[in-house]
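> sequence-free structure coming up:
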């Protein structure tokens, strides 16, 4: 063998070593890439899950807030309405007092009745309704007993009369009625 052939053999050996080293590096790089892809897929799946949960949570919060706002708007006038109930009571008392002296108060009675009718229309417009349970069984959700009397004509617990009217606003109690019940 001459030096030239020896040099070719050495070059071939170096090339083979480089190919083996390159293949090992490629295998290591390929394994690293696969591992990195797996990690990225896991991270992506976690972020996607977090996003979906957050989106659902925000949607639920939006719905709750909207429902609360509707409820707040619906019942915002409750304190104002409660104050007006006293006006309605006084109008009823005035009408009752004038009914006894119809001859001297006919025009005044008509005016007070018109005022009461207008107030009733305003109440209805805002969902405020008067309830009357006279003759029915006492319900502690709607009435407050002020007095109990013996009554041979009525069953025990039956409402005989109202001292103060009860009102609801959008099916919610605004004020309980003050009633007299049979014992």
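The structure has been received and is ready for your questions. In this text, all values refer to a predicted model and were calculated from it rather than measured experimentally. Numbering: from 1, shown residues only.
> any idea which helix or strand comes after the helix or strand bottoming out on mean pLDDT in the chain?
When the helices and strands of the chain are scored by mean pLDDT, DSSP states H and E, helix 3-75 comes last with a mean of 79. Per DSSP states H and E, helix 3-75 leads on to helix 78-100 as the next helix or strand towards the C-terminus.
> The first helix or strand past that following helix going along the chain vs helix 78-100, what angle?
Downstream of helix 78-100, the next assigned helix or strand under DSSP H and E is helix 102-125. Relative orientation of helix 102-125 versus helix 78-100 (axes from the mean of the first three to the mean of the last three Cα atoms, to 10 degrees): 160 degrees.
> what mean pLDDT would you report for helix 102-125?
Helix 102-125 shows a mean pLDDT of 83.
> ok, what's across the strand from residue 177?
Under DSSP bridges, the beta-bridge partners of residue 177 are residue 143.
> pretty sure it is touching residue 161, no?
No. Using Cβ atoms under 8 Å as the test, residue 177 is too far from residue 161 to be in contact (10.2 Å). Quick note: C-beta positions are derived from backbone N, CA and C, even for glycine.
> So for the two, which residue has more residues nearby?
A count of neighbours by other Cβ atoms under 10 Å puts residue 177 above the other of residue 177 and residue 161, at 24 against 13.
> And the pLDDT at the more buried one?
Reading off the model, residue 177 has pLDDT 94.
> For stretch 68-77, which outside residues touch it?
Stretch 68-77 is contacted from outside by 126-127, 169-170, 172, using Cβ atoms under 8 Å, 6 or more residues apart in numbering.
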